[in-house]
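Novice: One predicted model, sequence on top.
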Amino acid sequence: MTSDACSVVSAMGAAYNENRWADLPGMVTPNVVSRIGPNAETVGPMGLMGVLEYYARYFHVDFQVLKLFTQRSAVAVKAQLNVTYHTTEPGMPEAVGQTFQVPLAGFLDVVGGRVDRISLVYNYEDWLRATEIHSKREGRQA
Amino acid sequence: MTHDGISATVERVLTAFNVGDLDVVASVFALDSAVEVGPEFSMTGPSGALQVIAYFSQFYEHRFQRWRVFSHGGEAVVEAQMVCKYISTYPGHIEAQGQEIIVPAAFFVTFKDGLVSQVSCVVSSFDWAFAV
């Protein structure tokens, strides 16, 4: 199960990064619980897709997996988000195409070959500071 | 270091943290260990770890209520839930009124010779910001 869980999570990450998002709902259970950022928990594949589509309006995010750790049917992911901020999100600094990296931890449970729980943990202050710093830097260069 | 050994160390340090036994917390850090919080805040060794704890303890009371350890070789990731109580206003942030929330947190830990040689943490301050 351990290697299976790892394979499932790796496949999901690849589908995300390669923009094969139509494949994602089939990789999760009907009751998958997703906890990503400030939108608290969503349930089901469409909830997950809703969160991803929300962020995609403002950011291009590439998951760079640094290491996978497995514990029975659970997987922890040490990763870095490579982010391009392309469109201003309401309440956030102006988007000027700034790029930045944010460390992230992902925790996923796999049931029957599908992901049943996703929890992504990253520091919002890392994110906010990066957008602000890079916004000022881009502004100075312009 | 075995998974059981790493799990036992994590259990010991988080349990000690919860009861305020900072001597035990400090004892798991190597003298030259790197303690990183966020992208620009890095301290060194047991005293550095205690400085980080002391800094945030000015503003928050923390305790860990659940954790799970993933490890491979001498590396580990700890998934944790941290109960935070906002007791004193953090500069530039909203007023502290004793707000309390459960915040997801993760620790990336590297062990060497049975001690922590490097640790960094990410805390979902999104949850915190939206709750307070």
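Specialist: Alright, I've got the coordinates. A quick note: this is a predicted structure, and the numbers were derived from the prediction, not measured. Numbers count the residues shown, from 1 in each chain, chains lettered A, B, ... in the order given.
Novice: can you pull out the helices in chain A?
Specialist: Secondary structure of chain A by DSSP state H: the helices cover A:2-17, A:45-56, A:124-141.
Novice: Which one of those helices has the poorest average confidence?
Specialist: Among the helices of chain A, helix A:124-141 has the lowest mean pLDDT, at a mean of 61.
Novice: any chance you could map the strands in chain B?
Specialist: B:29-37, B:41-44, B:60-72, B:75-86, B:100-112, B:115-123 (DSSP state E).
Novice: Can you give me the buried ones in the fourth one?
Specialist: Buried positions in strand B:75-86, judged by neighbour count with 16 or more other CB atoms under 10 Å in any protein chain shown: B:75, B:76, B:77, B:78, B:79, B:80, B:82, B:83, B:84, B:86. C-beta: built from backbone N, CA, C; applies to glycine.
Novice: what bridges to the second one?
Specialist: According to DSSP bridges, the residues that bridge with residue B:76 are residue B:71, residue B:109.
Novice: what's around residue A:48, how many residues?
Specialist: Residue A:48 is flanked by 21 other residues according to other CB atoms under 10 Å in any protein chain shown.
Novice: try residue B:89
Specialist: Neighbours of residue B:89 using other CB under 10 Å come to 12.
Novice: if I pick residue 78, what's in contact with it?
Specialist: Just so you know, I chose chain A. A:65, A:66, A:67, A:68, A:69, A:105, B:77, B:108 (CB atoms under 8 Å, 6 or more residues apart in numbering or on different chains).
Novice: not what I meant, chain B
Specialist: With CB under 8 Å, 6+ apart, residue B:78 has these contacts: B:10, B:67, B:68, B:69, B:70, B:106, B:107, B:109.
Novice: which residues touch residue A:104?
Specialist: So residue A:104 contacts A:63, A:77, A:79, A:80, A:81, A:120, A:121, A:122, B:122 (CB under 8 Å, 6+ apart).
Novice: Tell me how many other residues crowd the spatially closest residue to it that is not a sequence neighbour.
Specialist: Nearest residue to residue A:104, sequence neighbours excluded (CB to CB, 6 or more residues apart in numbering or on different chains): residue A:122, at 4.3 Å. Per other CB under 10 Å, the neighbour tally for residue A:122 reads 24.
Novice: Quick check: residue A:122 touching residue A:101?
Specialist: No - taking CB atoms under 8 Å as the definition, residue A:122 is not a contact partner of residue A:101, at 10.8 Å.
Novice: Which neighbours do the two have in common?
Specialist: Joint contacts of residue A:122 and residue A:101 (CB under 8 Å, 6+ apart) are residue A:81.
Novice: which stretch in the strands of chain B has the least confidence?
Specialist: strand B:41-44 (a mean of 87).
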